[in-house]
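Colleague: Here you go, sequence then predicted model.
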Amino acid sequence: MPLSLLFAAIVGARRALFRRKFFRTTRLSCPVLVVGNLSVGGTGKTPLVCWLVERLKAEGWAPGIVTRGYGGSERAPQIIDASADPRSFGDESVMMARRAGVPVAVGRDRSAAAQLLIDAGRNVIVSDDGMQHYALERDCEIVVVDGDRRFGNGWVLPGGPLREPIGRLKTADAIVVNGGGGLLAGALVMMVDGVEAVSATGGERRPVADFTGHSVHAVAGIGNPDRFFNMLRSHGVQVSGRALDDHIEITREMIEFGDDSVVLMTEKDAVKCKDVADARHWYVPVVAEFSPADSNALMQIVRRGVAGPPDKRLE
């Protein structure tokens, strides 16, 4: 508890220093949308980033994604494509490069990475997990909350799971709850689901419904593995789950079970299995889904952000 109080004080002081310009911030020449969270671990940010990119493209924008590249060894900002090595640029970065169909810039200096996207012709930046990266100014801020775990015990690190106090939600433009409704006043509800499986070795696709009633192994190296296992069970799949550490480097032993049963894994894990997977291994891409009303409400907020006056979101 004393360490959490100290951490909260440091976080608050850091935000105040950025707000008062003691630390340098960068305002880019195009709008910046930030998708982030308050808690450590997976909340569903990446599916939402891909959802936003698709909607922005449909409305005539040329979006690009910027991300830190957590877990990667490269430090210099770079634009990557689907062939990038996850050991160099991080598993989530490579997954988004494969899925989103837009340039992805990776770098610890997000401002420099985002500038690469602008130089490449992108006219709106979507920042994945950049809520606490105050050096990059933003025009719209969307916070994703895990509908199952919410805010844990409500404490910041290390006594709890939060990166910032819950009051930080008041400064966000939109709050999206992943997997539950009625938890937060004014929050929009997002559901994440996967309806098809893709061969990890050959790219063949088949409906997840093909596995209904069958016993399979499942592997998940994400922030909340149970969410993936329960999603499969909701489709009637009989799952024996193996939870791995988030961002872990996958070895053959981790996805081997000593039999010929199908092994289903997350898309993020699959990008790291090129050299160890075989015909038994499939991954299940998940997509974000909203009700028509919540989809429209979120896009109205986004449109105001990309077209409205700059707002540094540090108050």
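Modeller: All right, it came through fine. Residues are numbered from 1 along each chain as shown.
Colleague: Quick check: residue 169 vs residue 307, distance?
Modeller: In this view, residue 169 and residue 307 are 24 Å apart by CB to CB, to the nearest Å. In this view, the C-beta of every residue, glycine as well, is placed from N, C-alpha and C.
Colleague: Kindly report the same for residue 165.
Modeller: Distance, residue 165 to residue 307, using CB to CB: 31 Å.
Colleague: The two: who's more crowded?
Modeller: Neighbours per residue, other CB atoms under 10 Å: of residue 165 and residue 307, the larger number sits with residue 165, 18 against 9.
Colleague: hang on, isn't residue 157 packed against residue 1?
Modeller: No: Residue 157 is not in contact with residue 1 according to CB atoms under 8 Å; the separation is 11.8 Å.
Colleague: Please enumerate the shared neighbours of those two.
Modeller: Listed as contacting both residue 157 and residue 1 by CB atoms under 8 Å, 6 or more residues apart in numbering is no residue at all.
Colleague: Counting neighbours, go ahead and name the busier of those two.
Modeller: Counted by other CB under 10 Å, residue 157 and residue 1 do not tie: residue 157 has more neighbours, with 16 against 9.
Colleague: in the lowest-mean-pLDDT helix or strand in the chain, what counts as buried?
Modeller: Lowest mean confidence among the helices and strands of the chain (mean pLDDT, DSSP states H and E): helix 2-19, at a mean of 89. Applying a neighbour-count criterion of 16 or more other CB atoms under 10 Å, one finds 4, 7-8, 11, 15, 18 buried in helix 2-19.
Colleague: As TSV, those residues with distance to residue 100 would be great.
Modeller: Listed next are these as TSV, based on distance: CB to CB, whole Å:
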residue	distance to residue 100
4	36
7	33
8	34
11	30
15	30
18	29
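Colleague: Show me where the stretch 201-315 of the chain has its strands.
Modeller: According to DSSP state E, counting those that start in this stretch, the stretch 201-315 of the chain carries its strands in the segments 205-207, 215-220, 238-243, 263-266, 281-284, 287-290.
Colleague: Any idea which of those gets closest to residue 121?
Modeller: strand 287-290 (25.9 Å; CB to CB).
Colleague: Sketch out the low-pLDDT regions of the protein for me.
Modeller: The chain contains residues with pLDDT under 70 at 180-183, 308-315.
Colleague: Show me it divided up by domain.
Modeller: 2-191+290-307, 195-285 (automatic domain parsing).
Colleague: which of the strands of the stretch 201-315 of the chain is buried the deepest?
Modeller: strand 263-266 (a mean of 26; mean count of other CB atoms under 10 Å).
Colleague: Against which helices or strands is that one packed?
Modeller: Other helices and strands packing on strand 263-266, by 3 or more CB pairs under 8 Å, 6 or more residues apart in numbering; DSSP states H and E, are strand 215-220, strand 281-284.
Colleague: Relative to that strand, what are the paired strands and their orientations?
Modeller: Each strand paired with strand 263-266, and its direction, by DSSP bridges: strand 215-220 (parallel), strand 281-284 (parallel).
Colleague: separation between residue 240 and residue 302?
Modeller: Applying CB to CB to residue 240 and residue 302 gives a distance of 40 Å.
Colleague: And the helices in the stretch 201-315 of the chain?
Modeller: Under the criterion DSSP state H, counting those that start in this stretch, helices of the stretch 201-315 of the chain are mapped to 225-234, 267-270, 292-307.
Colleague: Single out the most deeply packed of those.
Modeller: Highest mean neighbour count among the helices of the stretch 201-315 of the chain (mean count of other CB under 10 Å): helix 267-270, with a mean of 25.
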